[in-house]
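Participant: 3D, please:
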Amino acid sequence: MFTYDKEKIKETFKKDIFPVLTERIRNAINKINNNGYVEIEEIRLRTNKPLMVYKNNEGYFVDEFGNLRKDNGLIVYQEEISKIYLLMCDYSLYSMEEDIKQGFLTIKGGHRVGIVGKVVSEAGKIKTIKNISSLNIRIAKEVKGCALELVKNIYFDGVKHTLIVSPPGCGKTTILRDIVRLLSNGVDQINLKGKKVAVVDERSEIACCYMGIPQKDVGIRTDVLDSCPKADGLMMLVRSMSPDVIAVDEIGGIKDADAIMDAINTGVKIISTAHGRDFDEILKRSGIRKLLENNCIDIIVFLSNRHGPGTVENIMRIN
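Facilitator: Predicted coordinates:
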C-alpha cells in the first residue's frame, strides 16, 4: 500500500494541474473539503457533462462548491475544454502533434492527458485529433521507496527477469518506476550495486517525460527512450546504451515477446508490467505465454488494490 506525501502532491497541483484548468473548474476542485484533491487520481472533463474526479478507483461528480456527489455536478462547456486543451499544448498544437495522434498529451510534471475527439486519417493512418470533446487528466504520483521491500525480497541474489501484474489502478507503473530508481541508485541493504538501467517509455508513464526530460526520479544511472514503441526501443537501447536492465510497461503481444527475447539474448535483464488479475488470465496473452515457454520470466509479482494501490498479493518464482 502506498503512502503519499500530501504536501508534495498539493504543490504538484498548484504548479502543474491548476495552471492548465479554467478558473471555474480550478476553483471547484480546489474547494474539495480538507484539501481532498490531493487524493485525486484522474480528472475527467467531458463536453456538456458534469466534472468528474476519481479517487481510490471510485468516480465522483464535483459541484461548484467542491462537494463530491454521486449525481449532478458542475457542467463542463465546450469552450472550457478548448481553452484547457490549448493551455496544455502551450498554444502550439504543432509541437504536440506526435503525441496527439496517439491520443494523449504529457504536460509539465509528467502528467498524462487522454484526449478524445474527431480523428483525422490520411492514407489509412491517424494524422491528428481535432474537435476535442473529452480530456482525462491522470495525476502522476511518485512514491519513493514503495518498492524497497519487494526489491530486497526478490533481488537479494541478483536482478532477475520480472513481470509485474495487476488490474488497472493498482500501482504497477508506480512500483516499476521505483524499482528502476532503486536498481539505478543501488540498494545498500542487499549489497546491490547501481545498475545501468534503460527505460522504453512508450506512453510516457514511467519516467513521465516532458519535452524529453524525466519529471520523476528514475535514478542516476537511468536512460529513458520516451514515446517509442517497445519492440523498436528495446534493441535501440541494447545497441546504443549497453544497459544491464531494461524496463518496459504493459507488454502482451507476440511482437513485444520477440523483442524481449532478442534483448535477453544479449544478456540484459528485463523488468516489465502487464494487465491481469491472476496467472490464468495472463496466460491468455500470447506474448506472455511465449515468454514463459522460453524461460524469459523468472518472477511474477501480482498486485491488487485490496489494501490500497501497491498491495502485493503474491510473488511467483518461475525459474
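Participant: so what pLDDT did the residue lying closest to residue 285 once chain neighbours are set aside get?
Facilitator: In this structure, residue 285 finds its nearest non-sequential neighbour in residue 252, 4.4 Å apart by Cβ to Cβ, 6 or more residues apart in numbering. C-beta: built from backbone N, CA, C; applies to glycine. Looking at residue 252, its pLDDT stands at 87.
Participant: quick one, what contacts residue 252?
Facilitator: Contacts here follow Cβ atoms under 8 Å, 6 or more residues apart in numbering; on that basis residue 252 touches 274, 275, 285, 286, 287, 288.
Participant: Keep only those of the residues you listed that are in helices.
Facilitator: Here DSSP state H is the test, and the contacts of residue 252 give 286, 287, 288 as lying in helices.
Participant: any idea how far the last one lies from residue 250?
Facilitator: If I follow you right, that is residue 288. 11 Å (Cβ to Cβ, to the nearest Å).
Participant: The second one too?
Facilitator: Distance, residue 287 to residue 250, by Cβ to Cβ: 11 Å.
Participant: what about the two, which has more around it?
Facilitator: It is residue 287, of residue 287 and residue 250, that has more neighbours when counted by other Cβ atoms under 10 Å, with 21 against 16.
Participant: What about the closest residue to the more buried one other than its chain neighbours? Give its phi and psi, please.
Facilitator: Leaving aside its sequence neighbours, residue 287 sits nearest to residue 257 (Cβ to Cβ, 6+ apart; 3.7 Å). For residue 257, the backbone dihedrals (degrees, to the nearest 10) come out as phi -60, psi -40.
Participant: shouldn't residue 257 be in contact with residue 285?
Facilitator: No: the pair residue 257 / residue 285 is not scored as a contact, 9.0 Å apart, by Cβ atoms under 8 Å.
Participant: Closest to the centroid, which residue in the protein?
Facilitator: residue 205 (3.2 Å; Cα atoms, centre = their mean).
Participant: Model confidence score at it, please.
Facilitator: The score at residue 205 is 88. That number is its pLDDT.
Participant: Residue 247 is in contact with that one, correct?
Facilitator: No: in this structure residue 205 lies outside contact range of residue 247 using Cβ under 8 Å: 11.4 Å.
Participant: what about the residue nearest to residue 287, distance to residue 170?
Facilitator: Residue 257 is 23 Å from residue 170, by Cβ to Cβ.
Participant: Not counting the worst-scoring helix or strand of the chain on mean pLDDT itself, show me its contacts.
Facilitator: Within the chain, confidence by mean pLDDT, DSSP states H and E is lowest for helix 97-100 among all helices and strands, at a mean of 78. Identification of contacts with helix 97-100 by Cβ under 8 Å, 6+ apart yields 93, 105, 106, 115, 128, 129, 204, 227.
Participant: how about it: buried residues?
Facilitator: For helix 97-100, a neighbour-count test (16 or more other Cβ atoms under 10 Å) marks 99, 100 as buried.
Participant: Can you give the distance from that helix to the centre of its chain?
Facilitator: 17 Å (Cα atoms, centre = their mean, to the nearest Å).
Participant: domain parsing for the protein?
Facilitator: Structurally, the chain divides into domains by automatic domain parsing as follows: 6-138, 148-317.
Participant: Comparing the ones you listed by mean pLDDT, which bottoms out?
Facilitator: Of all the domains of the chain, mean pLDDT reaches its minimum on domain 6-138 (a mean of 91).
Participant: ok, back up a step: farthest pair within the contacts of residue 252?
Facilitator: Spatially, the most separated pair among those is 275 and 286, at 13.9 Å (Cβ to Cβ).
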